[in-house]
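Visitor: only geometry, no sequence info:
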């Protein structure tokens, strides 16, 4: 066996791995940072029912999102996520288009995470009583500066980003624990606030069953508090596993990622319920409304109210820090997800697989979105919720289909129920906030346009980074290299002996070859033409006891032939000759066939691929067409 270089890896770059608790802090800055605005959103959406609606949200998280993403982690241990699971179910271009659509919603969710969180951090800065008034009206500039600062952190690398995330998360969650504990002490000192709340609930909604029913209806409006799970799976390649983990079965990494998901969900569930209770009990309802002091910053309101402006300012600083760095979770998700799909599909330039150029692009897009939305948190909320929920729904559908394929009947039913709940939640959000779906659609259109332009521009690349000859194929090449290597392109759909004989006679006559016994055939069977890069395995075969054939499977015929020719040249030291027949038909339609189906005008396309891959004409394999 010979090969050009190491086999294709499922993972995009070699990565330094960390304990799962540290990676939880990186993904958790998005999830945990929702404490900055989630209690206020819950109060605005559900009023006195906010704690009950929050409990419904927590139950869905613990018994819906967590099981779904634990299964996703097991099914895609290299960080491909639920998108990869669904893509495998749809072949050819349908699968690629489906992936691009889901990537559009993922990009919506994660880019809006960066911009919305930075905008909310700006709101906490501007509304702090100790901050100069001239900060007001500069929200777009402040938010843009925060986003650029986040990008600069990622220019340094993931390790530095994880270190910052750990520090910010511990500080923020500790300060929240203090605020909630002090607030609960005030509740114990003034127990009438609880009786006032329960009395208000009874007066407004009557019996407990009606309250529960309304909480079930209202909880989709709280869906912002479910972010971070898809990111947790996307960056699981950074999670340290066991020493005996293999690339095929990284069982330790999967187990530790599941710990990450469960720990984050349990911690956040406690904080969500506790924060919803104290803010509902202790903050007047009018303060949650637009213009109120608790609007978008309920816990910050309590920090200033009960612990003074000095502590409140420290709390505000920690909130600003985690909201700013919440974009790190989204940035990490995009940096892990985009290189896994778009460059591999040929639908992005090769540099998109590199971290730093991609960080620059994401930062620029985020600054543009901030400017378009005028750094408004409310204007971006619908798009954020829609992106998060579409990813949740796709993940629940993916694990349902995976359980069905594995014939796990109970799991299939359980995941199907979760998928229906997620679909309902998504539908409610889209109906109430159609702007979210519209923004997601714009991201999808942008990705499709960029993808297809890139695919056309990269059509003549070599595409096959790895070529592997089996023992028989290597023996054929070694034998021919002693004289000359002459290869005939042959379509793989007809293996009759007469077809091979006539093809040799024709090539010998057209090219005036001296020795017909030195000829060997190359057959390329097209697999999935929508794929771009693939490893090429070359199998040697002897047909009808005298015709030597190199058999290949690849997404594109000319690109595969070019890759095989260059590899044969490299391993043998001899420039091979390749013989083609002209393809019949209109050249324009043949070019379209090549773009979509990997077939068409094979000879000139093969020559063009070789010309681009090997600039030195004297070292380039020779192409003959008759």
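Guide: Structure received. What you see is a predicted model; the values in this text were computed from it and never measured.

Visitor: shaky segments in the stretch 451-600 of the chain?
Guide: 516-517, 583-600 (pLDDT under 70).

Visitor: Could I get the full set of strands for it?
Guide: 467-469, 486-489, 519-526, 536-543, 547-554, 577-580 (DSSP state E, counting those that start in this stretch).

Visitor: what is the mean pLDDT for the top helix by length along the chain?
Guide: In the chain, assigned by DSSP state H, the helix with the most residues is helix 298-341. The average pLDDT within helix 298-341 is 83.

Visitor: Residue 252 and residue 259, how far apart?
Guide: Distance, residue 252 to residue 259, using CB to CB, to the nearest Å: 11 Å. The C-beta positions use only the backbone N, C-alpha and C, and glycine is treated the same way.

Visitor: So which residue is dead centre in the chain?
Guide: Per CA atoms, centre = their mean, the C-alpha nearest to the average position across the chain is that of residue 337, at 3.2 Å.

Visitor: Hmm, that one is touching residue 84, no?
Guide: No: here residue 337 lies out of contact with residue 84, judged by CB atoms under 8 Å, at a distance of 9.5 Å.

Visitor: picking up where we left off before, not counting its neighbours along the chain, what's nearest the residue nearest to the centre of the chain?
Guide: Once flanking residues are discounted, residue 337 sits nearest to residue 234: 5.3 Å by CB to CB, 6 or more residues apart in numbering.

Visitor: and the gap between that neighbour and residue 77?
Guide: 12 Å.

Visitor: Looking at those two, which one has more neighbours?
Guide: The neighbour comparison of residue 234 against residue 77 (other CB atoms under 10 Å) goes to residue 234, with 28 against 24.

Visitor: Can you read off the pLDDT for that one?
Guide: Residue 234 is assigned 74 on the pLDDT scale.

Visitor: ok, now which ones touch it?
Guide: Residues in contact with residue 234 (CB atoms under 8 Å, 6 or more residues apart in numbering) are 79, 81, 332-333, 336-337.

Visitor: and the two most separated of those residues?
Guide: Among the contacts of residue 234, the pair separated by the greatest distance (CB to CB) is 81 and 332, at 12.5 Å.

Visitor: More neighbours: those two, which one.
Guide: Taking neighbours as other CB under 10 Å, residue 81 and residue 332 compare with residue 81 leading, 31 against 26.

Visitor: how about the helices in the stretch 51-200 of the chain?
Guide: 66-75, 81-87, 92-127, 139-156, 158-189, 192-205 (DSSP state H, counting those that start in this stretch).

Visitor: wait, which of these is closest to residue 363?
Guide: Of the helices of the stretch 51-200 of the chain, nearest to residue 363 by CB to CB is helix 139-156, at 3.5 Å.

Visitor: pLDDT (mean, whole number) over that closest one?
Guide: 82.

Visitor: Okay, buried residues for that helix please.
Guide: 139-140, 142-144, 146-147, 150-151, 153-154 (16 or more other CB atoms under 10 Å).

Visitor: mind putting those residues in TSV, distance to residue 385 included?
Guide: As requested, the buried residues of helix 139-156 are arranged in TSV below (distance: CB to CB, whole Å):
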residue	distance to residue 385
139	21
140	23
142	24
143	20
144	23
146	22
147	20
150	22
151	25
153	26
154	25
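
Visitor: related to what we said a few turns ago, the residue nearest to residue 337 and residue 545: what is the separation?
Guide: Taken as CB to CB, the span from residue 234 to residue 545 is 53 Å.

Visitor: next one: residue 72
Guide: For residue 72 relative to residue 545 (CB to CB), the value is 51 Å.

Visitor: Between the two, which has more neighbouring residues?
Guide: Neighbour count, other CB under 10 Å: between residue 72 and residue 545, residue 72 has more, with 29 against 6.

Visitor: State the phi and psi torsions of the most far-flung residue of the chain relative to its centre.
Guide: Within the chain, the residue lying farthest from the chain centre (CA atoms, centre = their mean) is residue 514, at 56.0 Å. For residue 514, the backbone dihedrals are phi -80, psi -30 (criterion: degrees, to the nearest 10).

Visitor: hang on, residue 440 packs against residue 106?
Guide: No: counting by CB under 8 Å, residue 106 is not a contact partner of residue 440; they are 9.6 Å apart.

Visitor: Identify the contacts common to these two.
Guide: Shared contacts of residue 440 and residue 106, defined by CB under 8 Å, 6+ apart, comprise residue 387.

Visitor: These two: which has the busier surroundings?
Guide: Remark: of residue 440 and residue 106, residue 106 carries more neighbours, 31 against 24, as counted by other CB under 10 Å.

Visitor: Spit out the contact partners of that one.
Guide: 83, 230, 333-334, 337, 387, 391.

Visitor: try residue 397
Guide: Going by CB under 8 Å, 6+ apart, residue 397 touches 86, 419.

Visitor: give me the element it is part of.
Guide: Here residue 397 sits within helix 377-405, counting by DSSP states H and E.

Visitor: Report the buried residues of that helix.
Guide: Neighbour-count burial for helix 377-405 [16+ other CB under 10 Å]: 377, 380-403.

Visitor: a helix runs through residue 421, doesn't it?
Guide: Yes: under DSSP: H, G, I helix; E, B strand; the rest coil, residue 421 sits within a helix.

Visitor: hang on, isn't it packed against residue 61?
Guide: No: using CB under 8 Å, residue 421 and residue 61 do not qualify as a contacting pair, with a distance of 11.5 Å.

Visitor: thinking again about what came up before, now flag whichever of the contacts of residue 106 is closest to residue 530.
Guide: residue 83 (15.3 Å).

Visitor: For the closest residue in space to the closest one that isn't next to it in sequence, report the pLDDT, please.
Guide: Spatial nearest neighbour of residue 83, chain neighbours left out: residue 102 (4.8 Å); criterion: CB to CB, 6+ apart. If you check residue 102, the pLDDT there is 77.

Visitor: What residues does residue 102 make contact with?
Guide: 83, 86, 390-391, 394.

Visitor: Low-confidence stretches in the stretch 1-150 of the chain?
Guide: 1-16, 89-91, 95.

Visitor: Who is residue 521 paired with across the strands?
Guide: Beta-bridge partners for residue 521, by DSSP bridges, are residue 488, residue 549.

Visitor: count of residues packed around it?
Guide: Around residue 521 sit 21 other residues, with neighbours defined as other CB under 10 Å.

Visitor: who touches the residue lying closest to residue 531 once chain neighbours are set aside in this structure?
Guide: Computed as CB to CB, 6+ apart, the closest residue to residue 531 that is not its neighbour in sequence is residue 555, at 4.0 Å. Applying CB under 8 Å, 6+ apart, we find residue 555 in contact with 463, 526-532, 534, 598.

Visitor: Which one of these is nearest to residue 217?
Guide: Nearest member of these to residue 217, counting by CB to CB, is residue 530, at 42.1 Å.
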